[in-house]
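# Pasted the sequence and its predicted model underneath.
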Amino acid sequence: MKVLVAVKRVIDYNVKVRVKPDNTGVDLANVKMAMNPFCEIAVEEAVRLKEKGIASEIVVVSIGPKASQEQIRTALALGADRGIHVETDEEVQSLEAAKLLKGVVEKEEPKMVIMGKQSIDTDNNQTGQMLAALMGWGQGTFASEVAVDGEKVNVTREVDGGLMTVGLKLPAVVTTDLRLNEPRYASLPNIMKAKKKPLESVAPADLGVEVAPRLSTLKVEAPKQREAGVKVEDVAELVDKLKNEAKVI
Amino acid sequence: MSILVIAEHDNSSLDQATLNVVAAAKAAGSDIDVLVAGENCGAVGEEAAKIDGVNKVLVADNAAYGHFLAENVSALVAEVGKDYGHIFASAGTNGKDTMPRVAALLDVAQVSDIIRVESEDTFVRPIYAGNAIATVKSADSTKVITVRTTSFDPVAAEGGSASVENIDSAHDAGVSEFVSEDKAESDRPDLGSADIVISGGRGMQNGENFKILEQVADLLGAAVGASRAAVDAGFVPNDMQVGQTGKIVAPQLYIAVGISGAIQHLAGMGDSKVIVAINKDEEAPIFQVADYGLVADLFEAVPELESKLKEVV
Ligand SMILES: Cc1cc2nc3c(=O)[nH]c(=O)nc-3n(C[C@H](O)[C@H](O)[C@H](O)COP(=O)(O)OP(=O)(O)OC[C@H]3O[C@@H](n4cnc5c(N)ncnc54)[C@H](O)[C@@H]3O)c2cc1C
Ligand SMILES: Nc1ncnc2c1ncn2[C@@H]1O[C@H](COP(=O)(O)O)[C@@H](O)[C@H]1O
């Protein structure tokens, strides 16, 4: 079966984020960018499905500026077969991303779409569920295990209180949680080979979608900084402070 | 326009998170209805009717909603909610699963995980793991919102006398089914709402060692949490993870044991009133946010903490 994976270009998770002095957003100039960590897990899962002989082809999609092609190339180096870049310099919010992905899905007709559960920049946790709704498909969100069985997939989900397994008819959307797998690194020869894999570029208009944000960001501020407190000498002092100073026990 | 709040529950009783969500809804408007979707969930409807400030409770009792499958519940919420000005739900895993589908069905945006309501259409939410706080304005006719419950004080569970209406609308999308669940039963308070939380990280070394944290937790009536590293290593189950992509907690007292203090962890506990860190590395970043830091080997400090606490609590 064909598997589609959606990957997003975001700020690298190790970067210390700084809010711009004019409060219009965060400073992304000269900041290291990378594939969203949950999308790396999505790519890895697709590659494992291919290695098991379940997936026949992996198509990777990214929506964003020209530079998003770097993340598509990374996915190709990790084992995806083909890339589709939906190119736009506009801000793409989750609903628009889902509509653009729907356009790609209708063209490619994959049996499964694997996505991250959450982008670490917007922390939205929306796009996969929205795509599934737009397609009328089932969804296995926050997946820690994916077991394909013919025309069905069982997805074990990380939920409040523990784990829950749902059975979905294919095609379906799966969104990844941290425990689904541990992504591999791309080897140098594979990075070289990835440069020759096909990468097609399309515009949002080609997919019949107008990118029109519904939410406007009025301002972005730095959070209140917590002051470091004191170091205590020993456990006795700690207990004394908690009881008599902070009064929390 | 009125507001629809989606009740969080387990078919037999109302989850307290609903009270925090109603509080957030009250900040956006006054005419509040609550939707209880589930199976054999009549008792939850009764309970919801007592919530302070609720106008009407709608109960959709159907096998299709028994396990809260997003495909089915979202179709119901979109149908019931389309004429409301706002639909509010908790940003727990049910809300995160279902509400984006509702938004997509209504062709509107969703505002995730809000921590403040500025006005009827303007909301405040953390982005970049809480390293930035965004104020966003929605232009949609129905605003679909999930709420970070720790940021809103709950309304009273009693005092209201809402009317209860049954709605017999059954949406079974037929694309998903419940297979099984594995939920940890615990006598300790719920992580998300406990007054005291004690969490362990990679420094705990294994799951067995979490016992020393549990003993302290039992003395203090605390919940036990963990860092991602401790969950990934299999020391404890996934639902104990505190952080950007785990649970958000804001207790009166948070005790971090053998946790370094990565930003993704801080994102989940940085709003705690008092933070204690026990770590053998005095350079650990957790000390930059801790009110009280103890540089010590946890295997000595935690048992000693237990015995000292026995003297005072
Ligand atoms: C996309 C993404 C999402 C993430 N989401 C989360 C999340 O939600 N929650 C989360 O917690 N993390 C999350 N992380 C992971 C995060 O970046 C850190 O890797 C993680 O929090 C580290 O856990 P830790 O502090 O237990 O481990 P470490 O960083 O390894 O720290 C262990 C600490 O224990 C101390 N220690 C060791 N032995 C002892 C001893 N005997 N006595 C006292 N101290 C001792 C050490 O000095 C050290 O400071 C996420 C990462 C990514 C990329
Ligand atoms: N611009 C984008 N391009 C490709 N995939 C995206 C984009 N935005 C979101 N996604 C996918 O949706 C997931 C969840 O994102 P979000 O809903 O923004 O938190 C991500 O992990 C990606 O798999």
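Noted; the coordinates are in hand. Ligands and ions are numbered 1, 2, ... in the order given.
# Which residue ranges of chain A form helices?
With DSSP state H as the criterion, chain A has helices at A:37-51, A:69-78, A:94-108, A:127-135, A:188-194, A:235-240.
# Output those helices in TSV; the columns should cover distance to B:D172 and mean pLDDT.
All C-beta atoms are positioned from the backbone trio N, CA, C, and that covers glycine. As requested, these are exported to TSV (distance: least, C-beta to C-beta, whole Å; pLDDT from 0 to 100):
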stretch	distance to B:D172	mean pLDDT
helix A:37-51	28	98
helix A:69-78	36	98
helix A:94-108	23	98
helix A:127-135	15	98
helix A:188-194	44	97
helix A:235-240	55	98
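# Quick one: check the longest strand anywhere in chain A for contact with chain B.
The longest strand of chain A (DSSP state E) is strand A:138-149. Yes. Legend: contact between strand A:138-149 and chain B by C-beta under 8 Å from any C-beta of the partner chain is shown at A:138-139, A:141-142, A:144.
# Geometric centre of chain B: which residue is closest?
By C-alpha atoms, centre = their mean, chain B has its centre lying nearest to B:G92, at 4.6 Å.
# Quickly list the domain ranges of chain B.
B:3-166, B:196-312 (automatic domain parsing).
# Ok, which of these comes nearest ligand 1?
domain B:196-312 (2.2 Å; C-beta to the nearest ligand atom).
# Any stretches of chain B with poor pLDDT?
By pLDDT under 70, chain B contains no weakly predicted segment.
# Please, where are all the helices along it?
In chain B, helices defined by DSSP H lie at B:17-26, B:42-49, B:70-81, B:93-106, B:210-220, B:228-232, B:263-269, B:298-312, listed in chain order.
# So which of these is nearest B:Q252?
helix B:210-220 (10.4 Å; C-beta to C-beta).
# Measure how far the closest one is from the centre of its chain, please.
The chain centroid and the centroid of helix B:210-220 are separated by 22 Å under C-alpha atoms, centre = their mean, to the nearest Å.
# and what of stretch A:15-27?
That offset, for stretch A:15-27, works out to 21 Å (C-alpha atoms, centre = their mean).
# do it and ligand 1 meet?
No. Stretch A:15-27 is not in contact with ligand 1 by C-beta under 6 Å from any ligand atom; minimum separation 11.6 Å.
# just stretch A:136-145 next, same as before
No. Judged by C-beta under 6 Å from any ligand atom, stretch A:136-145 stays clear of ligand 1, getting no closer than 12.1 Å.
# what sits up against that stretch?
Identification of contacts with stretch A:136-145 by C-beta atoms under 8 Å, 6 or more residues apart in numbering or on different chains yields A:45, A:117, A:128-129, A:131-132, A:146, A:153-159, A:163, A:165-166, A:168-169, A:171-177, A:179-180, B:70-71, B:93, B:96-97, B:101, B:173, B:175-176, B:238.
# Check stretch A:208-218 too.
A:24-25, A:88, A:90-93, A:95-96, A:99-100, A:103, A:204, B:108-109, B:111, B:122, B:134-140.
# Would you reformat the domains of chain B as TSV and include distance to ligand 1?
As requested, the domains of chain B are exported to TSV (distance: least, C-beta to the nearest ligand atom, whole Å):
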stretch	distance to ligand 1
domain B:3-166	8
domain B:196-312	2
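# Nearest to A:V31, out of those domains?
It's domain B:3-166; of the domains of chain B, that one is closest to A:V31 (C-beta to C-beta) at 11.2 Å.
# circling back: please render the domains of chain B as TSV that adds distance to A:I58 to the earlier fields.
Output for these, formatted as TSV (distance: least, C-beta to C-beta, whole Å):
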stretch	distance to A:I58
domain B:3-166	25
domain B:196-312	24
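# Can you say which of the ones you listed is nearest to ligand 2?
domain B:3-166 (7.3 Å).
# just how off-centre is that closest one within its chain?
12 Å.
# Straight-line length of it, end to end?
18 Å (C-alpha to C-alpha, to the nearest Å).
# and if you look at stretch A:170-188?
35 Å.
# Please apply the same query to stretch B:110-126.
14 Å.
# And the pLDDT at the closest residue to A:Q118 other than its chain neighbours?
In this structure, A:Q118 finds its nearest non-sequential neighbour in A:N125, 4.3 Å apart by C-beta to C-beta, 6 or more residues apart in numbering or on different chains. A:N125 carries a pLDDT score of 98 in this model.
# Count the residues that sit near A:N125.
Neighbour count for A:N125, taken as other C-beta atoms under 10 Å in any protein chain shown: 28.
# Quick check: it vs A:N36, distance?
According to C-beta to C-beta, to the nearest Å, A:N125 stands 12 Å off from A:N36.
# ok, now B:G38?
As for B:G38, its distance to A:N36 is 34 Å (criterion: C-beta to C-beta).
# For the helices of chain B, give me CSV that also has mean neighbour count and distance to A:V7.
Shown next, in CSV, are the helices of chain B (neighbours: other C-beta atoms under 10 Å in any protein chain shown; distance: least, C-beta to C-beta, whole Å):
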stretch, mean neighbour count, distance to A:V7
helix B:17-26, 25, 32
helix B:42-49, 20, 40
helix B:70-81, 24, 23
helix B:93-106, 27, 19
helix B:210-220, 18, 35
helix B:228-232, 22, 21
helix B:263-269, 24, 20
helix B:298-312, 17, 39
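# Could you save the ones you listed as TSV and add columns showing distance to ligand 2?
Putting these into TSV (distance: least, C-beta to the nearest ligand atom, whole Å) gives the following:
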stretch	distance to ligand 2
helix B:17-26	21
helix B:42-49	30
helix B:70-81	14
helix B:93-106	7
helix B:210-220	31
helix B:228-232	17
helix B:263-269	14
helix B:298-312	35
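# Turn these into CSV, columns for distance to chain A.
Shown next, in CSV, are those (distance: least, C-beta to the nearest C-beta, whole Å):
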stretch, distance to chain A
helix B:17-26, 9
helix B:42-49, 17
helix B:70-81, 6
helix B:93-106, 4
helix B:210-220, 6
helix B:228-232, 6
helix B:263-269, 7
helix B:298-312, 4
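# nearest to B:S193, of those helices?
helix B:17-26 (7.5 Å).
# Does the residue positioned nearest the centre of chain A have any beta-bridge partners, and if so which?
Taking C-alpha atoms, centre = their mean, the centroid of chain A lies closest to A:G116, which sits 3.2 Å from it. Beta bridges link A:G116 to A:T176 when assigned by DSSP bridges.
# so how far is A:E158 from it?
Applying C-beta to C-beta to A:G116 and A:E158 gives a distance of 13 Å.
# Output the longest strand of chain A as PDB, nothing but the C-alphas.
Extracted as PDB, the C-alpha positions of strand A:138-149 are listed here (Å, rounded to 0.1, in the frame of the first residue of the first chain):
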ATOM      1  CA  GLY A 138     -10.800   7.200  10.900                       C
ATOM      2  CA  GLN A 139      -7.900   8.400  13.000                       C
ATOM      3  CA  GLY A 140      -5.400   6.800  15.400                       C
ATOM      4  CA  THR A 141      -3.900   9.800  17.200                       C
ATOM      5  CA  PHE A 142      -0.900   9.800  19.600                       C
ATOM      6  CA  ALA A 143       0.100   6.300  18.400                       C
ATOM      7  CA  SER A 144       2.600   4.200  20.300                       C
ATOM      8  CA  GLU A 145       1.900   1.100  18.200                       C
ATOM      9  CA  VAL A 146       0.600   0.600  14.700                       C
ATOM     10  CA  ALA A 147      -0.400  -2.900  13.500                       C
ATOM     11  CA  VAL A 148      -1.700  -3.200   9.900                       C
ATOM     12  CA  ASP A 149      -3.900  -6.200   9.200                       C
END
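# right, is it up against ligand 2?
No. Using C-beta under 6 Å from any ligand atom, strand A:138-149 stays clear of ligand 2, with a minimum separation of 10.0 Å.
# What mean pLDDT does that strand get?
On average, strand A:138-149 scores 98.
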